[in-house]
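Student: What follows is a predicted protein model with its sequence.
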Amino acid sequence: MRKNRSRTRSQKAYQTARTHFPGGVNSPVRSWRSVGMIDEGPFFVARAKGAELVDLDGRRYVDFVGSWGPMILGHAPSKVVAAIRKQAAHGASYGAPTELESRLAARVKKAMPSLQMLRFVSSGSEAVMHALRVARGFTGRDKILKFEGCYHGATDGVLVKAGSGAATFGVPDSAGVPSAIAQLTLTVPFNDLAAAKAALEANAGQVAAVVLEPVVGNAGVLLPEPGFLEGLREACTAAGTLLIFDEVMTGFRLAPGGAQQRFGIAPDLTTLGKILGGGLPCAAYGGRKEIMEKVAPLGPVYQAGTLSGNPLAMAAGLATLDLLLKPENYARLEAIGAEVERILREAAAAGGWGDKICINRAGSMLTVFFRPGPVRDFGDAGASDTAAFGKFFRGMLERGVYFPPSQFEAAFASLAMGPKELKKVARAARGTFANM
Ligand code: KE4
């Protein structure tokens, strides 16, 4: 194990940040509160390149957070940096159309043909918020159905039994959301097709959309069981309810065409983000043309955004997708994901944890649940030993591997992870499980 270098510079930065921001962070999961580091606080990042993140105290980490998904190529790929630099010299944002938007839209549509028409926005939360409004405007219905543990961003209608940070801090139903709004959001367990169908029947003619993460990342990784997604597709069609795939995390991650390509399902609307902008603020929602033509200025559903489609994010997204969307990259992402899973299973078994964990993985996104499997839904995930997960997180961190600081998040492998990085992960995992 490395000498225990001081973390004074990060801790000093944390004290300062706490005078500015709630919890010293600009997004709750970055606070590392849920992994027992409330006093010590999180590291503050100095720089990153490829698979490596370096903190203010010079400690280096193999990065399995990757900005929570966007950095699938690794950090600062030279062609993406060059594209951002080039565009920056011509202006960051005009609030007027550019051809860059159409070029990126064409890449998205080629990868995901179900998006016949789309709209760029600046965050995944925005994308989901607007997609739900369009679904309500198109169907004339008010209710939505989501799944427990799925996280669709921090907007009122979906902060109901939500995952990710909401689950991490035990506030799946956030304060400040009026009950009148929360009541319009129905929830059932993920993978429970019968419960979803029953909810649609019990609210016949009232449900505008079913929205889900087709592979959940925000409860930790949950995989759709055979027939679940297909069953939802059929049930939504029969009920006149729109099926919305929230692919903010899975889009361009699980396949060039995301989960909808991997599972062969065409949703009515899709939301995208994260990888789409290559680390810059860029997201999108889109789908069937007849639905999207409801959006202003064409139709009556209003949606707008100052920085929507801004040229800097478009340039970063184009460069990212141009590098990423090659079949060989997805074979490599699958191989890297499988190798990381093998490494973790082997280390856990050697450390006496083999039958105390369950690893769920889809391609290059995975979660180590600290409970025996199977983990099929949020109820299963929620029964994990989060104290043990905290020990795992800290043990890996001390050995130079940065996993997501919550049991209810996905870890992401990147194409920048090679034999050197995987050797470091194997050494860290063996040391961690042996000392838990
Ligand atoms: P943003 O508003 O954070 O860009 O996207 C919200 C969102 C929507 N849908 C899905 C499936 C998502 O995973 C997210 C955001 N994911 C979290 C990580 N689990 C973002 C990290 C954070 O909250 O800081």
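Tutor: Okay, I see it.
Student: since we're on the residue in the chain that the ligand sits nearest to, how many residues are nearby?
Tutor: Minimum separation of the chain from the ligand (C-beta to the nearest ligand atom) falls at residue 124, amounting to 2.3 Å. The C-beta positions use only the backbone N, C-alpha and C, and glycine is treated the same way. Neighbourhood size, residue 124 [other C-beta atoms under 10 Å]: 28.
Student: Now do the same contact list for it.
Tutor: Contact analysis of residue 124 by C-beta atoms under 8 Å, 6 or more residues apart in numbering lists 152-153, 246, 248, 271-274, 283.
Student: can you rerun that using 7 Å?
Tutor: Listed by C-beta atoms under 7 Å, 6 or more residues apart in numbering, the contact partners of residue 124 are 153, 248, 271, 273-274, 283.
Student: Any idea how far apart the tips of stretch 109-124 sit?
Tutor: For stretch 109-124, the first-to-last residue distance is 18 Å (C-alpha to C-alpha, to the nearest Å).
Student: Tell me how this structure divides into domains.
Tutor: For the chain, the structural domains run 8-76+327-434, 78-324, going by automatic domain parsing.
Student: could I get the ones you listed as a markdown table with mean pLDDT?
Tutor: Below are these laid out as a markdown table (pLDDT from 0 to 100):
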| stretch | mean pLDDT |
| --- | --- |
| domain 8-76+327-434 | 97 |
| domain 78-324 | 97 |
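Student: returning to that earlier point: show me which of the contacts of residue 124 neighbour the ligand.
Tutor: Applying C-beta under 6 Å from any ligand atom, the subset of those adjacent to the ligand comprises 153, 248, 273.
Student: Which of the contacts of residue 124 fall within strands?
Tutor: 271, 283 (DSSP state E).
Student: Determine which two of the contacts of residue 124 are furthest apart.
Tutor: Farthest pair in the contacts of residue 124 (C-beta to C-beta) is 153 and 274. Separation: 11.5 Å.
Student: between these two, who's got more neighbours?
Tutor: Neighbours per residue, other C-beta under 10 Å: of residue 153 and residue 274, the larger number sits with residue 274, 26 against 22.
Student: residue contacts, that one?
Tutor: Residue 274 neighbours (C-beta under 7 Å, 6+ apart): 68-70, 124, 248-249.
Student: check contacts around residue 395.
Tutor: Shown in contact with residue 395 (C-beta under 7 Å, 6+ apart): 431-432, 435-436.
Student: right, and the helix or strand after the helix or strand containing it?
Tutor: When elements are assigned from DSSP states H and E, residue 395 belongs to helix 386-398. Following helix 386-398 in sequence order, the next helix or strand is strand 401-402 (DSSP H and E).
Student: hang on, the earlier thing: closest one to residue 104 out of the contacts of residue 124, please.
Tutor: Nearest to residue 104 among the contacts of residue 124, with distances taken as C-beta to C-beta, is residue 283, at 11.8 Å.
Student: you'd agree the closest one is up against residue 126?
Tutor: Yes - with contact defined as C-beta atoms under 7 Å, residue 283 counts as touching residue 126 (6.2 Å).
Student: which one of those two has more residues nearby?
Tutor: residue 283 (28 against 23).
Student: Distance of the more buried one relative to residue 271?
Tutor: Distance, residue 283 to residue 271, by C-beta to C-beta, to the nearest Å: 7 Å.
Student: cool, and residue 287?
Tutor: Note on residue 287: its distance to residue 271, by C-beta to C-beta, is 9 Å.
Student: With residue 164 instead?
Tutor: Distance, residue 164 to residue 271, using C-beta to C-beta: 15 Å.
Student: of the two, who's got more company?
Tutor: A side-by-side neighbour count of residue 164 and residue 271, using other C-beta under 10 Å, places residue 271 first with 31 against 28.
Student: per-residue pLDDT, residue 5?
Tutor: pLDDT for residue 5: 62.
Student: which helices and strands does the helix ranked longest in the chain pack with?
Tutor: Criterion DSSP state H: the longest helix present in the chain is helix 327-350. When contacts are defined as 3 or more C-beta pairs under 7 Å, 6 or more residues apart in numbering; DSSP states H and E, helix 327-350 sits against strand 358-362, strand 365-369, helix 419-434.
Student: rerun that using 10 Å as the cut-off
Tutor: Helix 327-350 makes packing contacts with helix 311-324, strand 358-362, strand 365-369, helix 386-398, strand 411-412, helix 419-434 when contacts are defined by 3 or more C-beta pairs under 10 Å, 6 or more residues apart in numbering; DSSP states H and E.
Student: Turn these into a markdown table, columns for distance to the ligand.
Tutor: A markdown table is the format used below for the helices and strands packed on helix 327-350 (distance: least, C-beta to the nearest ligand atom, whole Å):
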| stretch | distance to the ligand |
| --- | --- |
| helix 311-324 | 12 |
| strand 358-362 | 13 |
| strand 365-369 | 10 |
| helix 386-398 | 15 |
| strand 411-412 | 10 |
| helix 419-434 | 21 |
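Student: Residue 302 is nearest to which of the ones you listed?
Tutor: Set against residue 302 and scored by C-beta to C-beta, the helices and strands packed on helix 327-350 come closest in helix 311-324, at 22.1 Å.
Student: Around the ligand, which positions in the stretch 151-300 of the chain sit nearby?
Tutor: With C-beta under 6 Å from any ligand atom as the criterion, the stretch 151-300 of the chain meets the ligand at residues 151-153, 164-165, 213, 217-218, 246, 248-249, 273.
Student: Which ones among these lie within helices?
Tutor: residue 165.
Student: That concludes my questions; thank you for your assistance.
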